[in-house]
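> Got a sequence here, can you build the structure:
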Amino acid sequence: MNIPTDRLYTESHEWLLLEGEIGTVGITDHAQRELSDVVFVELPAIGTHVQRGEAVATVESVKAASDVYSPVSGEVLEVNEALAREPSLINTDPYGKGWLFRVHVENPAEAPQLKSPEAYGALTADSAKRAS
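Here you go, the predicted structure:
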């Protein structure tokens, strides 16, 4: 499974890539595999203030709909407009072109509370073992 080492992760399978005070958010490779073929994405409005752990977006697949939770608190600065036309980018490139939104991080102290790539890898390995 693909777990880039330049990001932080949540137990609910979101990733956060921090670049200064700006955080880019998406769902992990593990999450998109569980969802299967993504057919629709509902993104937050630009300017929305989000709280860490709050449901802020929805990803719908042929199997299910799943909430996406913000890994940090802040203001939504940008959303990935390409997902309206091509939601499958989440499946084909979850860590690149399939990003969901960018947020101005208001409390940088929240980021270290997220999972490291190694801890997230252990979490997904444990869930895979329980599923089999």
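
> which residue ranges form the helices in the chain?
29-35, 82-85, 89-92, 117-131 (DSSP state H).

> Can you give me every residue that contacts Gln51?
Neighbouring residues of Gln51 by C-beta atoms under 8 Å, 6 or more residues apart in numbering: 70, 73. Quick note: C-beta positions are derived from backbone N, CA and C, even for glycine.

> again with Ala64
Contacts of Ala64 by C-beta under 8 Å, 6+ apart are Leu35.

> ok, back up a step: rank the helices of the chain by pLDDT, which is bottom?
Set side by side, these give their lowest mean pLDDT on helix 117-131, at a mean of 81.

> so which of the helices of the chain gets nearest Phe101?
helix 82-85 (9.7 Å; C-beta to C-beta).

> Name the residues of the closest one that are buried.
For helix 82-85, burial by neighbour count (16 or more other C-beta atoms under 10 Å) applies to Leu83.

> Run a quick neighbour tally on the closest residue to Phe101 other than its chain neighbours.
Distances taken as C-beta to C-beta, 6 or more residues apart in numbering place Val79 nearest to Phe101, at 4.7 Å, with adjacent residues excluded. Here the number of neighbours of Val79 (other C-beta atoms under 10 Å) works out to 19.

> Equivalent analysis for Asp6, please.
What Asp6 shows, counting by other C-beta under 10 Å, is a neighbour count of 10.

> what's across from the spatially closest residue to it that is not a sequence neighbour in the sheet?
Excluding its sequence neighbours, the residue lying closest to Asp6 (C-beta to C-beta, 6+ apart) is Leu17, at 6.4 Å. Beta-bridge pairing for Leu17 (DSSP bridges): Thr24.

> For Leu17, list the residues it contacts.
6-7, 23-24, 99.

> again with Ile22
Contacts of Ile22 by C-beta under 8 Å, 6+ apart are 77, 102-105.

> if we can go back for a sec, surely the residue nearest to Phe101 meets Ile46?
Yes. Between Val79 and Ile46 there is a contact under C-beta atoms under 8 Å: 6.3 Å.
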